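>>> structure for this input, please:
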Amino acid sequence: MSMFTLSIVSHGHKSHIELLFDDLLKVKNEHIDIILTINIDEDLPNNINNLPFSVKIIRNETPKGFAANHNAAFAVSQGTIFVILNPDIRLIDNPFSAIAAYLEDYPETVCATLVVNQFGAFEDSARLFPTPFFLVKKLFFKIFNIKLKSDTFPENEQALFPDWIAGMFMAVPRETYQQLGGLSEQYHMYYEDVNFCVRAQLAGQSIAVIKSAKVIHEAQRDSHRKIQHFLWHLQSILKFFMSKPYLQLKLARLRGYTNKN
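Numbers count the residues shown, from 1 in each chain. This is a model prediction of the structure:
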């Protein structure tokens, strides 16, 4: 039976994590353990001792980036499926059973759930790989308040097959995470998930969103409000387009490569 390790990083998200823990209390019949990384000094969630799961606490002396935190959690994890989970995710029901069943049939897959916001509208958590032209177009449309057309992907009855999935809820088989060397720590924040999915596909993995699993994301949108987050976002974009995996992907697609499904 699959065992999930949930890696959650808190940057002052105690209240969000308490709600997430309340949701996890309702999850039945799953083998789960949790690694909670406290990235900035704060108290632990009040309901942490109510959980029926093992919870390991990592307290950082100095704050680390997204990739470094989750890689450190993976290094001490035991689960056969490693789940990168944002603290502002809320569970509607049990998404883990559907993910475990899918990965049992298709183990060479990096999985996500469908993601909706608190109003029930689908978020753009699964997308096509960005290009410089697309980002310029996206900025232009934003300035002039024009709605971009949503991406469309190949799909079957079980799953959608986008190019990449956002790191708010990413389930990765242990062997895959090890094979890829985890998230790239060249990125402090943003685009780690895009880079990871590029490397996964180049290594022959599928990227899939499981239709029968859904979660709510109470988005923070810090890159839209805080100058430091905006600068990290911009730096990550530039790193991504100059990275070796991105150039390898472009070459592979010129040769006719597509996401395996």
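>>> for this structure, just list every one of the helices.
Listed in chain order, the helices of the chain (DSSP state H) span 14-24, 66-75, 96-105, 132-143, 174-180, 192-202, 227-241, 244-254.
>>> please work out which of the ones you listed is packed deepest.
helix 192-202 (a mean of 24; mean count of other CB atoms under 10 Å). Placement of C-beta: from N, CA and C, glycine included.
>>> got the angle between it and helix 66-75?
60 degrees (axes from the mean of the first three to the mean of the last three CA atoms, to 10 degrees).
>>> CA atoms only: put helix 192-202 into PDB for me.
Listed next in PDB are the C-alpha coordinates belonging to helix 192-202 (Å, rounded to 0.1, in the frame of the first residue of the first chain):
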ATOM      1  CA  GLU A 192      10.800  25.300  -9.400                       C
ATOM      2  CA  ASP A 193       7.700  23.400 -10.300                       C
ATOM      3  CA  VAL A 194       8.000  24.300 -14.000                       C
ATOM      4  CA  ASN A 195      11.600  23.300 -14.100                       C
ATOM      5  CA  PHE A 196      10.800  20.000 -12.300                       C
ATOM      6  CA  CYS A 197       8.100  19.100 -14.800                       C
ATOM      7  CA  VAL A 198      10.400  19.900 -17.700                       C
ATOM      8  CA  ARG A 199      13.100  17.600 -16.300                       C
ATOM      9  CA  ALA A 200      10.500  14.900 -15.500                       C
ATOM     10  CA  GLN A 201       9.200  14.900 -19.100                       C
ATOM     11  CA  LEU A 202      12.700  14.800 -20.500                       C
END
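>>> which elements pack onto it?
strand 109-116, strand 164-165, helix 174-180, strand 206-217, helix 227-241, helix 244-254 (3 or more CB pairs under 8 Å, 6 or more residues apart in numbering; DSSP states H and E).
>>> mind putting the helices of the chain into TSV with mean pLDDT and distance to residue 118?
Output for the helices of the chain, formatted as TSV (pLDDT from 0 to 100; distance: least, CB to CB, whole Å):
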stretch	mean pLDDT	distance to residue 118
helix 14-24	97	12
helix 66-75	98	23
helix 96-105	97	21
helix 132-143	88	22
helix 174-180	98	30
helix 192-202	97	22
helix 227-241	89	21
helix 244-254	91	33
